[in-house]
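1. got a structure for you, letters missing:
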């Protein structure tokens, strides 16, 4: 809930990792992956405080760190761009980026698939395509076995699914 403080911490963490000497464990590839993740989180924090220009700035930095062969970092960049498009209410562009991201970097991990279904569902919901949102979100739940320890993290997912059902006329 303290986004500005989170931004300060993220920037400090980035500074530490950028200046940390490389060795046999902390390789340039490891540094790059960590920085991509940190810039991704930073971009998301700026979206939370409604500063899309700053979020875009960090997305650009991510794009300079990655290569086309690096599918995991490519996925991160696509997700960051998708979140920016979603924030800007450019839902079809958000969905396009989320779909592209869902096909990269071992897309067969169940939790990744669930997260992608949520992202695609929220994009469809934003477009006003509630039937697609409902089907996508429901498919995510059907394919993933939510453990009791994970229930606390599912409230946004369940709320969006419930609203999608409501918008299609299914109040049950």
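-> Looks like it arrived, so ask away. Because the structure is predicted, anything quoted here is derived from the model rather than measured.

2. just the buried positions in the top helix by length along the chain, please.
-> When the chain is parsed with DSSP state H, its longest helix is helix 28-48. By neighbour count on 16 or more other CB atoms under 10 Å, the buried set for helix 28-48 is 32-36, 38-47. Backbone N, C-alpha and C define where each C-beta goes, glycine included.

3. next one: stretch 89-107
-> 90-91, 93-98, 100-102, 104.

4. where does pLDDT dip in the chain?
-> 107-108 (pLDDT under 70).

5. distance between the helix or strand containing residue 9 and the chain's centre?
-> Using DSSP states H and E, residue 9 sits in helix 3-19. Counting by CA atoms, centre = their mean, to the nearest Å, helix 3-19 is centred 19 Å from the centre of its parent chain.

6. that one vs helix 28-48, what angle?
-> Between the axes of helix 3-19 and helix 28-48, defined by axes from the mean of the first three to the mean of the last three CA atoms, to 10 degrees, the angle is 160 degrees.

7. got the buried residues for stretch 133-151?
-> In stretch 133-151, counting by 16+ other CB under 10 Å, buried: 133-137, 140-141, 144.

8. go ahead and flag the most central residue of the chain.
-> residue 79 (4.7 Å; CA atoms, centre = their mean).

9. now for that residue: which residues touch it?
-> Residues near residue 79 by CB atoms under 8 Å, 6 or more residues apart in numbering: 40, 97-98, 101, 119.

10. same question for residue 62.
-> With the criterion set at CB under 8 Å, 6+ apart, residue 62 makes contact with 36, 39-40, 43, 73, 76-77, 80.

11. would you reformat those as CSV and include distance to residue 149?
-> Shown next, in CSV, are the contacts of residue 62 (distance: CB to CB, whole Å):
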residue, distance to residue 149
36, 28
39, 30
40, 25
43, 29
73, 29
76, 26
77, 30
80, 28
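
12. out of these, which is nearest to residue 18?
-> Distance to residue 18 across those (CB to CB) is lowest for residue 39, with 10.7 Å.

13. that closest one and residue 56 touch, don't they?
-> No: using CB atoms under 8 Å, residue 39 makes no contact with residue 56, being 11.5 Å away.

14. quickly list what's touching both of the two.
-> With CB under 8 Å, 6+ apart, residue 39 and residue 56 have no common neighbours.

15. next, count neighbours for residue 22.
-> 11 (other CB atoms under 10 Å).

16. ok, and the closest non-adjacent residue to it?
-> residue 28 (5.8 Å; CB to CB, 6 or more residues apart in numbering).

17. once you drop chain neighbours, what's closest to residue 118?
-> residue 157 is the one closest to residue 118 (CB to CB, 6+ apart), at 5.3 Å.

18. if we can go back for a sec, tell me the one of the contacts of residue 62 nearest residue 10?
-> Using CB to CB, the contacts of residue 62 come closest to residue 10 at residue 39, 8.5 Å.
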